[in-house]
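Chemist: coordinates for the following, if possible.
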Amino acid sequence: MATLTNKQRLLTQVFTVLKKRYAPPDPENRLVLEQFLYAICREGTTREVADRAYKTLQDHFFDWNEIRVSSPREVEDALSELPDSETRANRLIAFLQEVFETTFSYDLEGLQKKGVKQAAKHLSRYQAANAYAVAWVTQHSLGGHAVPVDSPMLRVLRRMGLLEDGQEDPESIRASLEHLIPKVRGPLFSELISALAEEFCWEADPNCSGCPIGSECPSGQEAAAEAPVGAGRNGRSKPR
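Modeler: Here you go, the predicted structure:
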């Protein structure tokens, strides 16, 4: 079990080393409804892929209402670059339909007046909502301290020892991360861990020897100890 000091040291490396490597741009300002839709695109993939898919969605349809009344297959085609595009298309349509049925508009900016907790609770009631989407909107539009965590990020965080063994509950995971990570650095943290998951920390056969924080990561240290003597840095490409 990693101590708090070890976790803080590792987080310092994450911000210092990975920020230089990836240099992600500042998050885009979007309305509450737009951030929810973007979160559906963003979960489980990289920022670059999600950005392209979201732009394609906007380019292919006149407005949110056209997406709502379109067939799932049409929306899925626009999201074809995303993994599990069928499920995402259905969630997008379901969300827009539910918002329209309850507000007769596509405006959720009124949630800003409810306070962070009440607004997040309201968002969580939508059929298309999940912990990631609610945390994403809370972080990017509602001004709250939330760290959205998807499957690739969760994989990295477990290997790095930033989560305790057996820690499974999404609320508990987010609470522990929010205790470690200052609110102002939350968006950057999410981007850096997501990028690390894509480039090095793959589900199968991760490239620990090439990872820029491999020497600080428990899994990276274990992999280095098991590597043959004289083995150099790994130049493998990501498995497909």
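
Chemist: use CA for all of it now, contacts and neighbours both
Modeler: Will do.

Chemist: how about the contacts made by K7?
Modeler: 161-162 (CA atoms under 8 Å, 6 or more residues apart in numbering).

Chemist: mind checking which helix or strand it is in?
Modeler: Using DSSP states H and E, K7 sits in helix 4-13.

Chemist: name the helices or strands packed onto whichever helix or strand comes after that helix?
Modeler: Counting by DSSP H and E, the element after helix 4-13 in chain order, helix or strand, is helix 19-22. Other helices and strands packing on helix 19-22, by 3 or more CA pairs under 8 Å, 6 or more residues apart in numbering; DSSP states H and E, are helix 186-199.

Chemist: buried sites along the helix it packs on?
Modeler: 186-198 (16 or more other CA atoms under 10 Å).

Chemist: separation between T138 and I193?
Modeler: Using CA to CA, to the nearest Å, we find T138 at a distance of 19 Å from I193.

Chemist: one more: C208?
Modeler: In terms of CA to CA, C208 sits 14 Å off from I193.

Chemist: same for the longest helix that the chain contains, what does it pack against?
Modeler: Looking across the chain with DSSP state H, the single longest helix is helix 85-103. Secondary-structure packing of helix 85-103 (3+ CA pairs under 8 Å, 6+ apart): helix 32-42, helix 64-69, helix 72-78.

Chemist: what's the domain layout of the protein?
Modeler: 4-25+147-199, 32-140 (automatic domain parsing).

Chemist: end-to-end on the shortest one?
Modeler: Which is domain 4-25+147-199. End-to-end distance (CA to CA), domain 4-25+147-199: 27 Å.

Chemist: neighbours around P152, how many?
Modeler: Residues near P152, counting by other CA atoms under 10 Å, number 21.

Chemist: ah, wrong one, I meant V14
Modeler: 19.

Chemist: state the distance from it to N207.
Modeler: 17 Å.

Chemist: any idea how far E76 is from L57?
Modeler: For E76, the distance to L57 - CA to CA - is 9 Å.

Chemist: what's the answer for K19, then?
Modeler: 29 Å.

Chemist: more neighbours, these two?
Modeler: Taking other CA under 10 Å, K19 and L57 do not tie; L57 has more neighbours (21 against 15).

Chemist: identify the residues contacting the closest residue to that one other than its chain neighbours.
Modeler: Excluding the flanking residues, the one nearest L57 by CA to CA, 6 or more residues apart in numbering is A78, at 5.5 Å. Neighbour list for A78: 53, 56-57, 60 [criterion: CA under 8 Å, 6+ apart].

Chemist: also P148?
Modeler: Contacts of P148 (CA under 8 Å, 6+ apart): 131-136, 139, 174, 190.

Chemist: before we move on, what about I181?
Modeler: I181 touches F189, counting by CA under 8 Å, 6+ apart.

Chemist: check F36 too.
Modeler: 133-134, 136-137.

Chemist: switch to 7 Å and redo it
Modeler: 133, 137 (CA atoms under 7 Å, 6 or more residues apart in numbering).

Chemist: which element, helix or strand, includes P228?
Modeler: Counting by DSSP H and E, P228 is found in no helix or strand.

Chemist: on the pLDDT front, check it for me.
Modeler: Per-residue confidence (pLDDT) for P228: 73.

Chemist: ok, now P25?
Modeler: 87.

Chemist: relative to H60, how far out is it?
Modeler: 25 Å.

Chemist: which one's more surrounded, the two?
Modeler: Using other CA under 10 Å, the more surrounded residue of P25 and H60 is H60, with 14 against 8.
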